[in-house]
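Q: make a model of this:
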Amino acid sequence: MSKGTKIFLAVIIFFMGLFLVAVITIGFKFSKSTPKVAEGSVVVFDISGDIPEVIPPDPFTQLFNKNMMSVHEITESIKYAATDDKVKAVIIRPYFPSIGWAKAQEIASAINEYRKSNKPLISYFEFGTNMDYYLASGATKVYGAPTGMLMLNGIMAEVPFFKGLLDKLGVEAEMQHVGDYKSYSDIFTRDNISDAHKEMANWLLDSIQSQLVAQIQKSRNLSKEKVMELINLGFFDNQKAVKEKLIDGTLYWDEIENQYAQGDKKKLMWAFSYYKSIKSELKGRGSKIALLYAIGSIESGKGQPGKSIGSDTLSSWIREAYKDKDIKAIVMRVDSPGGSGIASDAIWREVMNAKKAKKPFIVSMSDVAGSGGYYIAMGADAIFAQKSTLTGSIGVITGKFYLNGLWEKLGIHIEVIKKAENADLFSSTTHFTDTQKKIIEENMNTFYKVFTEKAASGRKMTIEQIDARGRGRVWTGEQAKENHLIDAIGGLNDAIEYAKKMANISQKEKVTLVVYPKKKTLFEALMEMENFNDVFVPEKLKAYYQMEHMLTVFSREPYLAIMPPIRFSR
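A: From the prediction side, this is the model:
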């Protein structure tokens, strides 16, 4: 390439960069404009798609996903609407939200709070699932599209097993775990579910389905027997749903608009616009409480805030919060299946340091806070979880993938030359020897002992009591409360209110939340070009990347505190 061509390309790239920065800056300014709430507004909450715990802190995501709202933003907006004189009604439109049952309960709790205002509360769906109906049923009036459907067919679980695929690839998983219920490694070593894993899945399903039934019983004034009869039927057109008293009527969306906004579309306001209009009102101006979001798998190092939990990053947040004299308490929101045991322990230590500094430390559990996710929570002064939060899974696994079969299929031969007996301990080209298996077992039992000792100390129980609830057992929040693994059933706001109480802050005072991760400037985001992946990668591919990321953690961490994968239907 000639020198002139290089200069020309450099100039083009420079001006393209300037144009990109200009477009983003202008777009970001427009996205920050504040809409106005008209008198007699009807606010529509479209509960669909990806609803994260926290919006990623970079301006790219905020610009290209400007209509996205976090769980907390949705719940705060619903509750604020109850006291907003300009809002005369709220409409809930659930449609396949990408959330778990605990997040759904967080939103449902806010819906129930709004209902106390006695303002009209309407829900509307075209095609509804269990979770859609769970959210919709809390409204005072429930409508469906005239040709719509309701699939109220109960809860099921799906557990993937990859041994057959690994066999075809010539990959052999060599795994060990403590306790029959610590079944994450089973997905690589078994073709089907173990008795213990199946038993655990059943008690989790029983708990979550009973919560679904109880919600429908209460909101639709039906008997438990009637609800179960309808669930066993499973699939209804909306005309039949009316006859069975599951919904109040069928209307098209424009009829809903005409009925509640009197055909004046200016009075129909979407939730993301409403949130922008009240954002400044929601911000407290009183005492400060730190709100730390611990989201994703746990790993050593920095992680990716909002997507994975880096022990260095989260520990630094905790340190900064407990050393700040203006911050009166810390609330940590956990949504994690666990990950690195060593990284989990490093975070646990900072939680304990916060307590030594006399800084109240409260944990709020989201959809999942199990294994390492429970480890980082168990030392807190108090733990809150929703009834369907998946938690516990006290245990540890380790292992490696033996890849020689794969290399042979690819025509690759690898020679191993070692200078110590166990130099190949975690090598993918050799099997574990009997001696190595014994070494690993001893180390795993040591880690499990540390886990149970620290859990016993944090929960004020004996090691034997923790072990009886441990060995990998996963519980719903409802069951965890019965087993004294958490302190209370409730959401993020309940945890914040309890933190205020522990910090001797008046319950009437509107506190200032100091949120971590902190927002990034445009310059900081431009220096981290990986953010473009999060803006442009489709949601289905993101799930693949998350699994790939977890396997990467598995390959470089000797001991994992991670939950078994159980996917519950929504």
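
Q: show me where the stretch 351-500 of the chain has helices.
A: 372-375, 404-409, 434-459, 463-469, 477-482, 492-502 (DSSP state H, counting those that start in this stretch).

Q: can you list contacts of the fourth one?
A: To tie it back to what came earlier, the one meant is helix 463-469. If you take Cβ atoms under 8 Å, 6 or more residues apart in numbering as the criterion, helix 463-469 is touched by 392, 394, 452-453, 455-456, 459, 475, 483, 485. For glycine as for every other residue, the C-beta is placed from the backbone atoms N, C-alpha and C.

Q: quick one, which of those residues are buried?
A: 392, 394, 452, 455-456, 459, 475, 483, 485 (16 or more other Cβ atoms under 10 Å).

Q: which parts of stretch 251-263 are buried?
A: Applying 16+ other Cβ under 10 Å to stretch 251-263 flags 251, 256-257, 259-261 as buried.

Q: then stretch 491-504?
A: 491-500, 503.

Q: then stretch 563-570?
A: Quick answer for stretch 563-570 (16+ other Cβ under 10 Å): 563-566, 568-570.

Q: got the phi and psi for V142?
A: phi -120, psi 120 (degrees, to the nearest 10).

Q: could you shift the numbering so residue one becomes 169, and keep it that way?
A: Sounds good: first residue 169 from here, last item V310.

Q: Q377 versus K392, what's the distance?
A: When distance is defined by Cβ to Cβ, to the nearest Å, K392 is 11 Å away from Q377.

Q: on that earlier part again, of all the buried residues of stretch 731-738, which comes closest to I544?
A: Closest approach between the buried residues of stretch 731-738 and I544, by Cβ to Cβ: M731, at 13.4 Å.

Q: so the closest one sits against G563, correct?
A: No - contact criterion Cβ atoms under 8 Å: M731 and G563 do not qualify, at 9.2 Å.

Q: and for these two, which residues touch both?
A: S539.

Q: which parts of this protein belong to which domain?
A: Domain ranges of the chain: 206-326+366-449, 454-688+726-736, per automatic domain parsing.

Q: looking at these, which is nearest to S353?
A: Taking the domains of the chain one by one with Cβ to Cβ, domain 454-688+726-736 is closest: 4.8 Å.

Q: can you give me the strands in the stretch 369-518 of the chain?
A: 402-405, 417-418, 436-438, 456-463, 465-467, 476-478, 495-504, 506-508 (DSSP state E, counting those that start in this stretch).

Q: same check, this time on the stretch 619-738 of the chain
A: Going by DSSP E, counting those that start in this stretch, the stretch 619-738 of the chain shows strands at 642-644, 656-657, 680-684, 728-730, 735-736.

Q: got a list of what M437 touches?
A: Counting by Cβ under 8 Å, 6+ apart, M437 has contacts 203, 205-206, 209-212, 445.

Q: give me that answer again for 10 Å
A: 203-206, 209-212, 249, 254-255, 429, 445 (Cβ atoms under 10 Å, 6 or more residues apart in numbering).

Q: which stretches in the stretch 319-468 of the chain count as helices?
A: Under DSSP H, counting those that start in this stretch, the stretch 319-468 of the chain gives helices at 331-337, 354-357, 363-388, 392-401, 406-411, 421-429, 439-450.

Q: for those helices, state which one has the densest average packing.
A: When those are scored by mean count of other Cβ atoms under 10 Å, the highest mean neighbour count falls to helix 354-357 (a mean of 20).

Q: select the helix or strand of the chain having the lowest average pLDDT value.
A: helix 699-704 (a mean of 46; mean pLDDT, DSSP states H and E).

Q: what would the contacts of helix 631-637 look like in JSON lines with distance to M546?
A: As requested, the contacts of helix 631-637 are exported to JSON lines (distance: Cβ to Cβ, whole Å):
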{"residue": "G560", "distance to M546": "10"}
{"residue": "I562", "distance to M546": "8"}
{"residue": "T620", "distance to M546": "10"}
{"residue": "E621", "distance to M546": "11"}
{"residue": "A623", "distance to M546": "5"}
{"residue": "A624", "distance to M546": "9"}
{"residue": "R627", "distance to M546": "6"}
{"residue": "W643", "distance to M546": "13"}
{"residue": "N651", "distance to M546": "13"}
{"residue": "L653", "distance to M546": "8"}
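
Q: just flag the most distant two among those.
A: Greatest spatial distance among these (Cβ to Cβ): E621 and W643, at 19.9 Å.

Q: picking that back up, and of the buried ones among the contacts of helix 631-637, the nearest to M317?
A: Once Cβ to Cβ is applied, the member of the buried ones among the contacts of helix 631-637 that ends up nearest M317 is W643, at 33.6 Å.

Q: residues in contact with the closest one?
A: By Cβ under 10 Å, 6+ apart, the contact list for W643 reads 368, 371-372, 375, 538, 542, 553, 557-561, 637, 649-651, 653-654.

Q: for the stretch 169-318 of the chain, what spans make up the strands?
A: Counting by DSSP E, counting those that start in this stretch, the stretch 169-318 of the chain has these strands, from start to end: 209-218, 255-266, 289-296, 309-320.
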